[in-house]
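Undergrad: structure, please.
(4 chains)
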There are 2 protein chains.
Amino acid sequence: MPETSGKQAASERVFQQIDSGSIGPQLYRFLRESIIRGELQPGQALSESEVARKYSTSRQPVREAFIKLAEERLVIIQPQRGTFVVKISVADVLDARFVREAIEVAVVQEAATSALPSAIKELRNLIEQQKEISHGHNVDFLALDEEFHRTIAFSVGRAHAWRVIENIKAQMDRIRYLSLDDATPIPLLIDQHTRIVDGIEAGNPTEAAAATRSHLREIMVSLPNIAARFPDLFEPI
Amino acid sequence: MPETSGKQAASERVFQQIDSGSIGPQLYRFLRESIIRGELQPGQALSESEVARKYSTSRQPVREAFIKLAEERLVIIQPQRGTFVVKISVADVLDARFVREAIEVAVVQEAATSALPSAIKELRNLIEQQKEISHGHNVDFLALDEEFHRTIAFSVGRAHAWRVIENIKAQMDRIRYLSLDDATPIPLLIDQHTRIVDGIEAGNPTEAAAATRSHLREIMVSLPNIAARFPDLFEPI
DNA sequence: GGTACTAGATTTGCATACCAGACATGTATG
DNA sequence: CATACATGTCTGGTATGCAAATCTAGTACC
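TA: Have a look, this model is predicted:
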């Protein structure tokens, strides 16, 4: 214990990446990513004190992180029993998808009526980057895909709408990480991205919306397969 | 201090209404309502220890409530400075309205294609109740209005979508409480509700969506007036 | 062998103690 | 008079201790 006070040297912590701010939110982001990536298995127990020990902090920030995760339905806190990574619920995924489609379609329609040329250029640029992803690096595609959707929202000043989507999206992302290999082929997704930008550039909200809808419905194709392949990770229906 | 242990008799607490669960979430709901109703003024400081004393609890649950309120942008936590009720931001209200419209239009469209007769009956019933509200009891109308919208969502199994709306709605509700007297006349709002249900019953998603959109845009009419009338309660642009 | 019970270990919720940073105020200094 | 500075008091962030509920293991008993 070389530290004189409670505050730990930030660089000692495993989860300290480029994160800033106080420990609670940092832990939240770290655990959230771990759950989404499947590194923390559905059903697994997460005790406050255990996590606190592991990351050299106290129970307090851990507790705050747990509460946030519980609001997103990524963990469930059972008082006096324990906190557990929730199994993936098909219903939750579909609920999240529904809300995401509703918001994102509205955003894209706005973009189709008012996006600046610079934004369209940025989107085309992102699509080019997506094309350059080597076969098998599907994780990299996920990041670029997220950036693509976020860029659309920000291009019309809908940062708040994106924040709502971002929260909700966690449930969908768990599926995407599970289906890294047998999901919709990347070239097809890139085509869909292209259609979206085409609709935006053409100033055609209807077309852009339709393209966004079919793009966001791809997950409904892979979902049943994934649920069948990993029954242990899913909530029984 | 007649209590032997830390746990207080629940009935002693002011905010104990019909609330259940642990103290943190209860406090959250209570403070949230207080802010929405304007009983806690925008700009007002809320110290953790002060609130804890006032409601005979410790700082811990208060802290959890503050964090939740901060996520909804109802308060802002400034470390080592204080926590303050945020002034109403016109941009935040419009952001919330945009997302709400997107989600709720999607829900209503679903309702128009698959709502059961029993749900339609319930909605008509709610409209009748709204008509019976005596002049000047606008607060009662707010409750029935909320129930109307929630009923539509639940009638098509979109509880999750409603939960998202509910969170976001806080920003809009602050305006509605400020504009209790000079807002859109209640009979007009009831007409709009009727149009929505008509569209649903007719199985006409387009009509139901259009009615919902215009209904949810009413706030944009009153917003500038309110912002002009209560400049102190609003974030300077 | 099976069942009821008890003791211990864990769990989260809540309370309390301590810390560093921000701020207001009063004072000394130019 | 103005400015720099010391200081006391507030804040939220963190650490820790305690209580109640729950689960587990083992044991005694039938």
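Undergrad: quick check, central residue of chain A?
TA: Geometric centre of chain A, nearest residue: residue A:170, 4.2 Å, by Cα atoms, centre = their mean.
Undergrad: that one sits in which helix or strand?
TA: helix A:159-178 (DSSP states H and E).
Undergrad: buried residues in that helix?
TA: Buried positions in helix A:159-178, judged by neighbour count with 16 or more other Cβ atoms under 10 Å in any protein chain shown: A:160-162, A:164-165, A:167-178. For glycine as for every other residue, the C-beta is placed from the backbone atoms N, C-alpha and C.
Undergrad: around DNA strand C, which positions in chain A sit nearby?
TA: A:4-7, A:45-50, A:59-60, A:63, A:66, A:77-83 (Cβ under 7 Å from any atom of the strand).
Undergrad: how big is the angle separating the helix holding residue A:170 from helix B:159-178?
TA: Here helix A:159-178 runs at an angle of 170 degrees relative to helix B:159-178 (axes from the mean of the first three to the mean of the last three Cα atoms, to 10 degrees).
Undergrad: name the helices or strands packed onto the next helix or strand after helix A:159-178?
TA: Downstream of helix A:159-178, the next assigned helix or strand under DSSP H and E is helix A:186-201. Counting contacts by 3 or more Cβ pairs under 8 Å, 6 or more residues apart in numbering or on different chains; DSSP states H and E, helix A:186-201 packs against helix A:90-114, helix A:117-131, helix A:138-155, helix A:205-216.
Undergrad: what's helix A:186-201 in contact with?
TA: Helix A:186-201 is touched from outside by A:108, A:111-112, A:115, A:120, A:123-124, A:126-127, A:130-131, A:133, A:138, A:141, A:145, A:148, A:152, A:205-212, A:214-215, A:218, with contacts defined as Cβ atoms under 8 Å, 6 or more residues apart in numbering or on different chains.
Undergrad: also stretch A:109-122?
TA: By Cβ under 8 Å, 6+ apart, the residues outside stretch A:109-122 that reach it are A:151-152, A:155-156, A:158, A:197, A:199-205, A:207-209.
Undergrad: ok, now how distant is residue A:187 from residue B:47?
TA: Separation of residue A:187 from residue B:47 (Cβ to Cβ, to the nearest Å): 57 Å.
Undergrad: out of these two, which sits in the busier spot?
TA: residue B:47 (15 against 10; other Cβ atoms under 10 Å in any protein chain shown).
Undergrad: surely that one meets residue B:84?
TA: No - at 9.9 Å, residue B:47 does not count as touching residue B:84 under the criterion of Cβ atoms under 8 Å.
Undergrad: any common contacting residues for those two?
TA: Contacts common to residue B:47 and residue B:84, judged by Cβ under 8 Å, 6+ apart, are absent.
Undergrad: got the contact list for residue A:159?
TA: Counting by Cβ under 8 Å, 6+ apart, residue A:159 makes contact with residue A:153.
Undergrad: quick check, pLDDT for it.
TA: pLDDT for residue A:159: 97.
Undergrad: same check on residue A:134?
TA: 77.
Undergrad: count the residues that sit near it.
TA: Quick note: residue A:134 (other Cβ under 10 Å) scores 6 neighbours.
Undergrad: cool, the one 3 residues further on as well?
TA: Counted with other Cβ under 10 Å, the burial measure for residue A:137 works out to 12 neighbours.
Undergrad: phi, psi of it?
TA: In terms of degrees, to the nearest 10, the main-chain angles of residue A:137 are phi -100, psi 50.
Undergrad: what distance do you get for it to chain B?
TA: From residue A:137 over to chain B the distance is 33 Å, taken as Cβ to the nearest Cβ, to the nearest Å.
Undergrad: could you list the low-confidence segments of chain A?
TA: Counting by pLDDT under 70, the ranges of chain A that qualify are A:1-20, A:183.
Undergrad: write out the residues of it neighbouring chain B.
TA: Contact residues, chain A versus chain B (Cβ under 8 Å from any Cβ of the partner chain): A:22, A:64, A:67-68, A:71, A:79, A:92, A:95-96, A:98-99, A:101-103, A:105-107, A:158, A:160-161, A:164, A:168.
Undergrad: weed out the non-buried ones from those.
TA: Buried among the residues of chain A next to chain B (16+ other Cβ under 10 Å): A:64, A:67-68, A:92, A:95-96, A:98-99, A:101-103, A:105-107, A:158, A:160-161, A:164, A:168.
Undergrad: need the contact list for the closest residue to DNA strand C within chain A.
TA: Nearest residue of chain A to DNA strand C (Cβ to the nearest atom of the strand) works out as residue A:47 at 3.2 Å. For residue A:47, the contact set (Cβ under 8 Å, 6+ apart) comprises A:82, A:83.
Undergrad: for it, grab phi and psi.
TA: According to degrees, to the nearest 10, residue A:47 has phi -90, psi 140.
Undergrad: go on, residue A:78?
TA: phi -110, psi 110.
Undergrad: nearest spatial neighbour of it, chain-adjacent residues omitted?
TA: Of all residues not flanking residue A:78 in the chain, residue A:84 sits nearest, at 7.2 Å (Cβ to Cβ, 6 or more residues apart in numbering or on different chains).
Undergrad: isn't that neighbour up against residue A:74?
TA: No - counting by Cβ under 8 Å, residue A:84 stays clear of residue A:74, with 10.3 Å between them.
Undergrad: any idea how far residue B:39 is from the closest residue to residue A:36 other than its chain neighbours?
TA: With sequence-adjacent residues excluded and distances taken as Cβ to Cβ, 6+ apart, residue A:36 is closest to residue A:173, at 4.8 Å. Separation of residue A:173 from residue B:39 (Cβ to Cβ): 39 Å.
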